[in-house]
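> the following comprises the amino acid sequence and a computationally predicted model.
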Amino acid sequence: MPESTVSGLTAPSPAAAGTTAGTTPDGHGGGPVVAAVDLGSNSIKLTVGRPDGAEGVEALATASETVRLGAGVAATGRLADDRIEAALVALVRFAKVARKHGATRLVGVATEATRRAANGAAFLDRVRAETGWEIRPISGDEEAALTFRGLAATTDLAGSVVVADIGGGSTEVIVARDGAIGDARSLPLGSGSLTDRLVVSDPPTAAEVAACQAAAAEAIAPLPLPPGAEARLVVVGGTGEYLARLVPDPHAVDAAAVAAVLGLLERMPVAEVAATVGIPEARARVLPAGIAVVLALADRLNPTRVEVARSGIRTGLLLDAFAGRR
């Protein structure tokens with residue numbers, strides 16, 4: 001799959017709406033092949049990899065599917081039946097991809113939606129029985145630690161860095177200096193949950209977007225963030241990747257550029273956003289709320305620059321699996 005470089009990192013180029021997938025040639029790595037999935041509130045993401053011989057991961061295959069597993073959880077406290085079925089279908093297919101590439105272990109984690117839902121444990125029992133994936137719920141703290149571990153394997157984290165992993169149901173914020181975590185928080189603040197609560201229009205109105213940004217600003221206000229002149233803001237995951245596809249220059253992103261993208265999304269219907277960015281409409285619908293969280297962080301932090309990176313959580317999972325850790 002072709003790649004585009006974003007702020008010195010690599011991110012997949014836009015694919016057709018639906019599932020995105022790619023492979024890398026069978027190269028120089030060795031050791032066990034392991035598949036890892038991140039069962040998020042918006043999307044399920046897969047990486048199949050093996051040790052690269054340099055304390056990193058050689059990716060053999062990647063895939064992502066938007067299932068909106070967390071849709072409605074804030075209101076009902078339960079995972080919806082149709083979202084459960086969609087997730088199971090995706091996981092069965094991802095297991096086939098993993099085994100095709102030689103994976104001997106299928107591991108994964110479930111984040112905010114599953115750990116909050118009253119039927120989350122029963123859902124994971126079905127996952128194990130019907131798909132073969134060993135998926136466990138993790139706390140926000142562990143999610144942050146895995147994300148940072150994976151990010152550190154691919155990104156220069158020297159100096160003062162704030163990492164934001166904006167998911168569908170939660171946002172993990174990590175404050176680090178020279179590669180060491182100083183503070184990590186999991187906030188009940190996600191693009192999907194904000195959209196479900198505050199956005200009804202297509203495209204979203206300026207008032208709805210402002211409400212998302214205000215909710216994000218309130219949630220991050222207590223965080224002990226460093227002075228912006230000393231820090232970089234690194235946004236990981238889909239929100240950052242898709243933001244980079246909408247700015248004129250992904251190498252020079254600042255708060256003004258993020259605000260301009262948010263203004264653009266107030267004028268674009270979901271179908272147009274999906275076609276422009278190359279993502280499913282279900283994912284495009286929650287993108288404005290996710291970028292509103294980025295803008296709230298940028299306004300609070302006033303960073304020297306905003307960078308984007310692929311989510312590190314699956315890399316962290318694979319590195320743990322290679323080392324024999326749970």
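Noted; the coordinates are in hand.
> what domains does the record give for this structure?
For the chain, automatic domain parsing gives the domain ranges 3-140+312-322, 156-309.
> which secondary structure element contains residue 257?
Assigning secondary structure by DSSP states H and E places residue 257 in helix 255-265.
> which other helices and strands does that helix contact?
Secondary-structure packing of helix 255-265 (3 or more Cβ pairs under 8 Å, 6 or more residues apart in numbering; DSSP states H and E): helix 206-220, helix 281-301, strand 306-309. All C-beta atoms are positioned from the backbone trio N, CA, C, and that covers glycine.
> of all the ones you listed, which one is nearest residue 103?
Among these, strand 306-309 comes nearest to residue 103, with 24.0 Å by Cβ to Cβ.
> in the closest one, what counts as buried?
For strand 306-309, burial by neighbour count (16 or more other Cβ atoms under 10 Å) applies to 306, 307, 308, 309.
> single out whichever of those residues has the smallest pLDDT.
Least confident entry in the buried residues of strand 306-309, by pLDDT: residue 309, with 83.
> residue 150: which of the domains of the chain is closest?
Evaluated with Cβ to Cβ, the domains of the chain place domain 3-140+312-322 nearest to residue 150, the distance being 2.9 Å.
> pLDDT averaged over the closest one - what is it?
For domain 3-140+312-322, the per-residue pLDDT averages 81.
> for stretch 279-298, same thing?
If you average the pLDDT over stretch 279-298, you get 95.
> still on that earlier bit, export the domains of the chain to a markdown table and tack on distance to residue 146?
Compiled in a markdown table, the domains of the chain are given as follows (distance: least, Cβ to Cβ, whole Å):
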| stretch | distance to residue 146 |
| --- | --- |
| domain 3-140+312-322 | 4 |
| domain 156-309 | 9 |
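> where along the chain do the helices fall?
Residue ranges of the helices in the chain, as given by DSSP state H, are 73-76, 81-100, 112-116, 120-131, 140-152, 191-198, 206-220, 238-244, 255-265, 270-277, 281-301, 313-322.
> returning to that earlier point: of all the helices and strands packed on helix 255-265, which one is nearest residue 148?
Closest to residue 148 of the helices and strands packed on helix 255-265, according to Cβ to Cβ: strand 306-309, at 11.3 Å.
> on contacts alone, who are the packing partners of that closest one?
Under the contact criterion of 3+ Cβ pairs under 8 Å, 6+ apart, strand 306-309 touches strand 3-6, strand 9-12, strand 231-236, helix 238-244, helix 255-265.
> out of these, deepest packed?
Sort the helices and strands packed on strand 306-309 by mean neighbour count, taking mean count of other Cβ atoms under 10 Å, and helix 238-244 sits at the top with a mean of 26.
> hmm, who's touching that one?
6-7, 11-12, 42-43, 64, 166, 191, 234-235, 250, 253, 258, 261, 277, 279, 283, 287, 290-291, 293-294, 307-311 (Cβ atoms under 8 Å, 6 or more residues apart in numbering).
> mean pLDDT for the helices and strands packed on strand 306-309: which is lowest?
Lowest mean pLDDT of the helices and strands packed on strand 306-309: strand 3-6, a mean of 25.
> ok, how many other residues are close to the closest residue to residue 39 other than its chain neighbours?
In space, and not counting its chain neighbours, residue 39 is closest to residue 110: 4.2 Å by Cβ to Cβ, 6 or more residues apart in numbering. For residue 110, the count of nearby residues is 27 (other Cβ atoms under 10 Å).
> how far is the helix holding residue 257 from where the chain is centred?
Offset of helix 255-265 from its chain centre (Cα atoms, centre = their mean, to the nearest Å): 20 Å.
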